[in-house]
Structures are given as C-alpha cells and as structure tokens.
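> could you work out the structure for the sequence below:
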Amino acid sequence: MGLSIRQVGSDDLPAAVRLFELKDGRSYDAETIHQTVCKFDPERILVWIAFDGADPVGMTMMLIRELDVDGRRLKAGYWANLYIRPEYRQYLLYPRLVFAMTSALRKHDNPVLYTSVRLPEVAQAHVKLGFMKLGELAVRAKLLRPARLFMRYKGWPIGTPLAALPDLLYRGLLKLGSSKRNGSAGYELTPHLTLSQFASLLNVAHYKVRQVWSAKRIEERYASNREGDPYVLVGARRNGTVVGAAVWRPAVRGNGVRAGVLMDLACRTGEERAARSLLAAAEWSALNSGCDVMLRLNDHSDSSRIIDREGYWSSPERYAVLLWPPQAARENVALADLRGWRYAFGDHDAF
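I've put the predicted structure just below:
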C-alpha cells in the first residue's frame, strides 16, 4: 500500500467522479462533477485527493471565497466534500487531508477556513483537529404535504396514495392563511431578475460577517448541482424597483421525501411585506413541484424573524459552524459571534 495525497486538476477528473459516486451512492457523468469542482479553477476551488497507488481513496476541497468582516474584506476558504472510502478510514487520511488544506491557506493568503456540519460526531472530530465551534444553526421546516411526508418518513410507500385527501384539505388551509397574512398590494413578483440585482440585495444587508457576492459569483454558484435539480429565482418589485429576491430548489431526502429548500431570501430594509410575498411564492412553487416540506436554515438575519411568523417550526437538525484557526476568532470579535453572521443554505448545498 502506497498512500499519497496531492492537489489535483482536470487530469484527475475521473478520480473525482469515482469518489463522488462512492460518496453519494449514484452514478454521475463527468461534466456534472466537472461543474461541481468548479472546473478545478484555482481562483474558485482547491481539490486534494488521496491515492493508494493510482486508486483514489479519499478527497477534500476548499472553495475560495471573500468575506466582508465588519466592513473589511477577508479571503477565506470554505471546507466541503470530505470523503474517505470506509476501508481506508483506519489510515489517518482524515487529519492528513485537513493538514493539506490548512497548509494551503497561508500559501493562498486565506487567513481562515470555515464550514458547517450537520452530523454531531463529525463536528466533534473537527474540533479535535483544532477547529473552533462558533455555534449551531437550526433547520426550520414548514409542512406542505404533512400526510405524505409522514408516510414517506416512516417508509410506508404503499400508504402514500391515502395521503392525497388530507393533504388537499391542508393545502386549502395553507392557501387561506397565506391570503390573510401575505398581502402583496404594491408589489410585483417576477422571475425576470438580473444576477446583478440579486447580488446587490445580498450585499446591502448589514451583518458583521457575510459573503461578498457579484453577478459572476452568483451565476457560478447557481449554475448547477449534482442532483440536477433546478434553482428557482423570484424577485419582488415595488414602483419598478427590485426590493427583494428569493431562490429555492427541490431536493430528495431519505425514503423519497421531497423537500423544497430555501437557499436564500434577501430584501431591502423596510420591505418585510415583500419578503413575506417572496416566501409564499417559493412555498407555492415548491408545493406545485411535488414537495412535502419547505426547509430553511435559521440564521440571525431579518428574514429569520419573518419566518418565525409564517408557520415554520424548529426541526431536530442542527448545523455546527466551525472556524480555523481558533486565534482568528479570538483576534476578531466579529468572526467569533455567530449571531452576526449571514449564513444560508446558499452558502453550501448541504442538507
């Protein structure tokens, strides 16, 4: 056995495809994975693969980002897509892959590396390797088809047709409640929104820590995903001016549960009604696309306070947000306080 780790590029695309197939338990075409790894563009991503001879056995990746930290621009890495084949997990590849990333931070002038993790045992392992846990973000959920969701969650596909009638009645209640709460007078909902307008909405938000977006970054971010599900963008205009936008996508979870995932919701200050209208539009779009539930990551943004009043409940799922090196948080109070971060599912398709 000759285990080695190296940073890879386009020549190693077949190895990346193989590892993603093992990780996700499904087949992919090469172009899908080429898009997933940002075409190995070193301005957007760095990828490391562990090999046993010529056989790929593990991988990790660092997305290159820019953060606005209390008004100061900071280059950062976002850790994603760690995977090690089960039969190789006894050979300490995990810390070696992490060390490859952290060593690269200094070479690329990225002072911090951060990530979010859903599995508690994985988050604990990261902390043992020197990451600092900033806190946790809850997943908020709104039922769209509760009867079918329950049956799918329990693994009762034979009973799914029986859910049609109760879910139809529930849909009527949703529609009634939505019409009472989400008055849209003065607003025009439209899918015709430029990426520059969306970037402007994301960048105007006043938070201590947030990603810096551009039209190009948003185009790259929402170009595709491994599952092939479309992203749906809708905007709200008032008096001809774009005042809000939301983006969501469908996703299939365990036992065939179909979830609508609210990737991001952004509005100008004082446009709470626009945010409620956008949220309702995303929910109805998800419902009409066959989704059973709507999910949203509960950060500390203004839109989270809106969601509190729109029928979302806190699910048991939590995402731990982790930062390396810990001294970066000790030296910068803004980085240390997760309550000041703007963080959404749009920061990473991990749900």
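> show the contacting residues for Asp308.
Counting by CB atoms under 8 Å, 6 or more residues apart in numbering, Asp308 touches no other residue. C-beta here means a position set from N, CA and C on the backbone, and glycine is covered the same way.
> try 10 Å this time
Going by CB atoms under 10 Å, 6 or more residues apart in numbering, Asp308 touches 140, 298, 314.
> which single one of those is nearest to Lys133?
The shortest approach to Lys133 among those belongs to Asn298, at 17.0 Å (CB to CB).
> hang on, the closest one packs against Tyr312?
Yes. Applying CB atoms under 10 Å, one finds Asn298 in contact with Tyr312, separated by 8.1 Å.
> who touches both of these two?
Counting by CB under 10 Å, 6+ apart, the common neighbours of Asn298 and Tyr312 are 138-141, 304.
> in strands only, show me those residues.
Those of the shared contacts of Asn298 and Tyr312 mapping onto strands are 138-141, per DSSP state E.
> any quick ChimeraX command for the buried ones out of the contacts of Asp308?
Typed into ChimeraX, the next command selects the buried ones out of these (criterion: 16 or more other CB atoms under 10 Å):
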select :140,298
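> name the nearest of the contacts of Asp308 relative to Phe40.
The closest of the contacts of Asp308 to Phe40 turns out to be Asn298 (CB to CB; 33.8 Å).
> what ranges does this protein have for its strands?
3-7, 45-52, 55-69, 72-84, 112-117, 132-143, 188-190, 209-211, 232-238, 241-252, 258-267, 293-298, 313-324.
> just put these in JSON lines and tack on mean pLDDT.
Listed next are those as JSON lines, based on pLDDT from 0 to 100:
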{"stretch": "strand 3-7", "mean pLDDT": "96"}
{"stretch": "strand 45-52", "mean pLDDT": "97"}
{"stretch": "strand 55-69", "mean pLDDT": "96"}
{"stretch": "strand 72-84", "mean pLDDT": "95"}
{"stretch": "strand 112-117", "mean pLDDT": "95"}
{"stretch": "strand 132-143", "mean pLDDT": "94"}
{"stretch": "strand 188-190", "mean pLDDT": "88"}
{"stretch": "strand 209-211", "mean pLDDT": "94"}
{"stretch": "strand 232-238", "mean pLDDT": "93"}
{"stretch": "strand 241-252", "mean pLDDT": "93"}
{"stretch": "strand 258-267", "mean pLDDT": "93"}
{"stretch": "strand 293-298", "mean pLDDT": "92"}
{"stretch": "strand 313-324", "mean pLDDT": "93"}
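> so which of these comes closest to Arg171?
strand 132-143 (10.6 Å).
> ok, the residue nearest to Val127 when sequence neighbours are not counted to Val122 distance?
Closest residue in space to Val127, ignoring its immediate chain neighbours: Lys133 at 5.6 Å, by CB to CB, 6 or more residues apart in numbering. From Lys133 over to Val122 the distance is 12 Å, taken as CB to CB, to the nearest Å.
> give me the common contacts of those two.
320, 322.
> and which of the contacts of Asp308 is nearest to Ile5?
Using CB to CB, Asn298 comes nearest to Ile5 of those, at 36.1 Å.
> next up, the contacts around the closest one.
Contacts of Asn298 (CB under 10 Å, 6+ apart): 136-141, 304, 307-308, 312, 314-315, 318-319, 343-344.
> could you pick out the buried ones from these?
For those, buried by 16+ other CB under 10 Å: 136-141, 304, 307, 312, 318-319, 343-344.
> need the max-distance pair from the shared contacts of Asn298 and Tyr312.
Longest span within the shared contacts of Asn298 and Tyr312, CB to CB: Ala141 and Ser304, 13.5 Å.
> what do the two both touch?
296, 298, 312.
> Val212 and His206: what is the separation?
Taking CB to CB, one finds Val212 at 14 Å from His206.
> kindly report the same for Pro325.
27 Å.
> contacts only, for the nearest residue to Asp292 once chain neighbours are set aside.
The shortest distance from Asp292 to any non-neighbouring residue, by CB to CB, 6+ apart, is to Leu149 (3.9 Å). Leu149 sits next to 141, 143, 163, 167, 255, 257-259, 291-293 when contact means CB under 10 Å, 6+ apart.
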